[in-house]
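Undergrad: model this:
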Amino acid sequence: MNPNNREVQARKTCELYAYVLISQDKEVPDVILECASSYDYPVECVSELAQELKSLDTATFERIINNPFSQEARDLARWWEMYQTYIPVS
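TA: Predicted coordinates:
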């Protein structure tokens, strides 16, 4: 059975959240790793990812989100742009 849109989006968000944490040498929770590697364990981590991005200083944010050699960085930049469009960042 193919994953539904919610499962696909949850997995992608977990992948991006893991990327941000790993980029800061932080530990990635097991539940996020499981979600990032399988459609069997969808976890909603949109607010956690957004909060993590908001908490970054400018230099760290730029290093993580503007890495020209990283597909994850490009995906994260798109995700952040969409997030800010639909959920205004304060």
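Undergrad: what stretches of the protein score poorly on pLDDT?
TA: Along the chain, segments meeting pLDDT under 70 span 88-90.
Undergrad: So which residues of it form helices?
TA: 5-23, 30-37, 46-55, 58-65, 71-86 (DSSP state H).
Undergrad: Tabulate these (JSON lines), appending mean neighbour count.
TA: Using the backbone N, CA and C atoms, a C-beta is placed for each residue, glycine as well. Formatted as JSON lines, the helices of the chain follow (neighbours: other CB atoms under 10 Å):
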{"stretch": "helix 5-23", "mean neighbour count": "18"}
{"stretch": "helix 30-37", "mean neighbour count": "16"}
{"stretch": "helix 46-55", "mean neighbour count": "15"}
{"stretch": "helix 58-65", "mean neighbour count": "14"}
{"stretch": "helix 71-86", "mean neighbour count": "14"}
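Undergrad: Identify the residues contacting the spatially most central residue of the chain.
TA: The chain has Leu16 as the residue nearest its centroid, 2.6 Å off, counting by CA atoms, centre = their mean. By CB atoms under 8 Å, 6 or more residues apart in numbering, the contact set of Leu16 is 49, 72, 75-76, 79.
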